[in-house]
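Peer 1: my questions are about this predicted structure, shown below with the sequence.
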Amino acid sequence: MNMGGPSSHRRKELTRVAQRRLTRELAEWSVKTPPVPGMSVSETDRVDEWLVTVTGAAGSVYENEQYILRFVFPADYPMEAPEVVFLQPTPRHPHVYSNGHICLNVLYDGWSPALTVTSVCLSIVSMLSSATKKGVPPDNDTYIRNCQGRSPKQTRWMFHDDHV
């Protein structure tokens, strides 16, 4: 499925820094015990695009449900945040739009080169685990209509909800 954004057009080659950093991060996920419980990286032949399987945490409204995140890394990662979206079917969550875009500060304005795939995944697991009920964002239909084919990184996000 084409979600728009970096994976829908020709990508620039990763810088050496990005290549080294992603190779090191991928190695962390290749051990028997992944750095984030309930998550695993699928075999990938590309260091600049990862698929991460997410299993809902025990006791959460997503318990044992599985979802897939797609990470697409820009040429100058970690200076620029990766594009991270849920592939279909997406979790019904107040911060996850039905097209897979995620309203989460660390993916946009809150990004820092000190963050890693692991820290992003921990933030996503925390976001999912803190939800008390399932449902789409209140502006889901309008957002989907207005962002057809665009990367979530082209959205001007308003972060106003610290509670999920």
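Peer 2: Everything's here; your move.
Peer 1: in the protein, which helix or strand is least confident?
Peer 2: Within the chain, no helix or strand scores below helix 140-146, which has a mean of 90 by mean pLDDT, DSSP states H and E.
Peer 1: packing partners of that helix?
Peer 2: Based on contacts counted as 3 or more C-beta pairs under 8 Å, 6 or more residues apart in numbering; DSSP states H and E, there is no element that helix 140-146 packs against. C-betas here are computed from N, CA, C, even on glycine.
Peer 1: for Cys103, which non-adjacent residue is spatially closest?
Peer 2: Among residues not flanking Cys103 along the chain, His95 sits closest, at 4.5 Å (C-beta to C-beta, 6 or more residues apart in numbering).
Peer 1: surely that neighbour and Leu104 touch.
Peer 2: Yes - using C-beta atoms under 8 Å, His95 makes contact with Leu104 at a distance of 6.3 Å.
Peer 1: which neighbours do the two share?
Peer 2: Taking C-beta atoms under 8 Å, 6 or more residues apart in numbering as the contact criterion, the residues that touch both His95 and Leu104 are Met127.
Peer 1: where do the strands sit along this protein?
Peer 2: Along the chain, the stretches classed as strands by DSSP state E are 39-41, 49-55, 66-72, 83-86.
Peer 1: quick one: those as a markdown table, columns for mean neighbour count and mean pLDDT too.
Peer 2: As requested, the strands of the chain are exported to a markdown table (neighbours: other C-beta atoms under 10 Å; pLDDT from 0 to 100):
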| stretch | mean neighbour count | mean pLDDT |
| --- | --- | --- |
| strand 39-41 | 18 | 94 |
| strand 49-55 | 18 | 96 |
| strand 66-72 | 19 | 97 |
| strand 83-86 | 24 | 97 |
